[in-house]
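> Here is my input, please return the structure:
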Amino acid sequence: MRALKFADASARLASCDERRLRTRYRHHRRVPRPGCHRESKGRNGVSDEILVERDGGIATVVFNRPKVRNAVSLAMWGEIANVTESLAKDDSVRAVVYRGAGRDAFASGADISEFQENRKDTETALAYNKKTEAAYSSIRLCPKPTVAMVFGYCMGGAMALAMACDLRFAAEGSKFGIPAARLSIIYGLDPVHQLVDLVGPAYAKDILYSARTLEAGEAFRIGFIQRLVPAGDLETSTYDYLRTVAENAPLSIRGTKTQVQAIFEGVGEAHRRKLFEMGIETFNSHDYAEGTRAFLEKRKPKFTGT
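Okay, the predicted model is just below:
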């Protein structure tokens, strides 16, 4: 397939014919992997655009608009936040994966065809940005480990979704880019902060100044993605990794995530108090006693998160 120069700003996707197609299109439902339970969630309790699959303690959130490379609509931004906040509160969930339906795209970014209506002036643009920021924040602040599993295109706002995750695992042939400079948009401060943290200030400027598309190999080399594997191995690699994570102590993982976030934000007194309290909670926990017993008895521990 010939690469688009910047997928979510493509003139084809913004054309009148494409907008009419989006209006008519009935969204495809993915067939879940064997052993998975799938539920649909959205603002009204049901959505074809955001799917949730459950496989033991691992939840998968699917951006489900494959005919438009999973471009994220305004409604989807709100649903991403709602679903993520729900999973964050679910004690049975040990980790969350975010992915696009199919293998053509994680997501091609925000649905540009909506901008003439939903970002037509300052008031609507601010309201739109509030929705996107809520989606990013919900993922970034989720106490569970989060992984963006990327097939194909990951562009624009989808890059911010991926950066909000703890880790990014990608298939060979994936493509990444932030075409904000081609739309006269200033990319959000929090995502830029995360981009700088991941790849450094020089590469961040290069990506944003040029609005170019990065091949998967370069994205891996500069640290944007943490694993790069053949497309046929990505699902197995991702879920095997998260099953290992899910077997570890949830309190330890939550504490580690809080520590890293504190360092990212700049450790203050409030961070120190919170981390001290989390440490005391861990030492008084059932899981600490279980971990110690299991070590002495030379067996695998069974952690409950309590």
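> Can you pull out the low-pLDDT segments for the stretch 51-200 of the chain?
Scanning the stretch 51-200 of the chain for pLDDT under 70 picks out no residues.
> can you rerun that using 80?
116, 118 (pLDDT under 80).
> As a check, name the ranges of all helices in it.
Shown for the stretch 51-200 of the chain, the helices assigned by DSSP state H, counting those that start in this stretch span residues 74-89, 115-118, 122-140, 157-164, 189-199.
> for the ones you listed, which one sits closest to Thr258?
Thr258 sits nearest to helix 122-140 of all those, at 12.1 Å, using Cβ to Cβ. Backbone N, C-alpha and C define where each C-beta goes, glycine included.
> which secondary structure elements does the closest one contact?
Helices and strands touching helix 122-140, by 3 or more Cβ pairs under 8 Å, 6 or more residues apart in numbering; DSSP states H and E, are helix 74-89, helix 115-118, helix 157-164, helix 189-199.
> was I right about Met155 contacting Ala110?
No: using Cβ atoms under 8 Å, Met155 makes no contact with Ala110, being 9.3 Å away.
> coming back round to it: so of the helices and strands packed on helix 122-140, which one's packed in deepest?
helix 157-164 (a mean of 26; mean count of other Cβ atoms under 10 Å).
> what does that one rub up against?
With contact meaning Cβ atoms under 8 Å, 6 or more residues apart in numbering, helix 157-164 is reached by 8, 70, 72, 80, 98, 105-110, 132, 135-137, 139-140, 146, 148, 150, 154, 168, 176-178, 187-188, 190-191, 194-195, 198.
> Span of stretch 101-113 from start to end?
End-to-end span of stretch 101-113 (Cα to Cα, to the nearest Å): 20 Å.
> Stretch 261-275 too?
11 Å.
> Show me how far that stretch is from its chain's centre.
Distance of stretch 261-275 from the chain centroid (Cα atoms, centre = their mean, to the nearest Å) equals 23 Å.
> Just the residues contacting that stretch, thanks.
The contact list for stretch 261-275 (Cβ under 8 Å, 6+ apart) reads 140-141, 197, 255, 258-259.
> can you name the two of those that are farthest apart?
Going by Cβ to Cβ, the two entries of the contacts of stretch 261-275 that are most distant from one another are Asp197 and Gly255, at 20.1 Å.
> give the contact list for Pro301.
Taking Cβ under 8 Å, 6+ apart as the contact definition, Pro301 lies against 249, 287, 290-291, 293-295.
> and those residues, which of them are in strands?
Per DSSP state E, strands hold no members of these.
> Only whichever of those residues are buried, select them in ChimeraX.
Buried residues within those, by 16 or more other Cβ atoms under 10 Å, are selected in ChimeraX with:
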select :249,287,290,291
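> What is the nearest of the contacts of Pro301 to Thr306?
Ranked by distance to Thr306 (Cβ to Cβ), the contacts of Pro301 are led by Asp287 at 6.5 Å.
> Which pLDDT value belongs to the closest one?
You'll see Asp287 listed with a pLDDT of 76.
> need the contact list for it.
Applying Cβ under 8 Å, 6+ apart, the residues contacting Asp287 are 249-251, 301, 303-306.
> let's see it at 7 Å
Applying Cβ atoms under 7 Å, 6 or more residues apart in numbering, we find Asp287 in contact with 249, 251, 303-306.
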